[in-house]
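Chemist: Give me coordinates for this.
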Amino acid sequence: MADLNRTLKESVHYPEHGPRAEDSHYKIFNAARHHLIDVLGAGCWICGVTKTQIAAGLSADHPAFGATAMEAHHNIAEFSALPEIDWQKVSADFPQLGIHSDEEFLCMAESEGGLLILCSI
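Modeler: Residues are numbered from 1 along each chain as shown. From the prediction side, this is the model:
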């Protein structure tokens with residue numbers, strides 16, 4: 001058996017978007033981010049560190065050493081691509097989300113179920 005070395009080259013297009021403050025769904029995102037990080041204390045999806053642990057200080061051997069904050073990122077659909085995504089295709093792939101319209105899709109993408117919590121590392 002021979003070892004193979006492979007390199008993946010990926011080109012990704014992120015459409016430009018205006019400031020989030022002008023997005024009518026931004027309040028949903030902010031409320032969800034606050035609830036997940038500040039109220040529930042959700043940890044980083046990758047390493048598990050929480051905002052409280054970061055504030056208390058992490059040891060140099062902690063995987064998140066150097067992290068300064070917790071962040072909420074869109075999980076199922078990237079924010080900049082939301083206007084281009086067909087909600088019916090998302091609904092077919094994720095029927096458990098109960099999406100029945102474009103508005104429901106946009107609200108879901110900005111809500112707790114549509115977000116992934118990560119540390120700043």
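Chemist: Give me the secondary structure label for Ala60.
Modeler: Secondary structure, DSSP: H, G, I helix; E, B strand; the rest coil: Ala60 is coil.
Chemist: Ok, Ala72 next?
Modeler: Assignment for Ala72 (three-state DSSP): strand.
Chemist: That one bridge partners, please.
Modeler: Ile117 (DSSP bridges).
Chemist: mind checking how far it is from Glu16?
Modeler: Using CB to CB, to the nearest Å, Ala72 is found at 21 Å from Glu16. Heads up, the C-betas are built off the backbone N, CA and C, glycines and all.
Chemist: Who has more neighbours out of those two?
Modeler: Ranked by neighbour count (other CB atoms under 10 Å), Ala72 and Glu16 place Ala72 first, with 21 against 5.
Chemist: mind listing what the more buried one touches?
Modeler: The contact partners of Ala72, by CB atoms under 8 Å, 6 or more residues apart in numbering, come to Phe29, Ala32, Arg33, Leu36, Ile37, Leu115, Leu116, Ile117.
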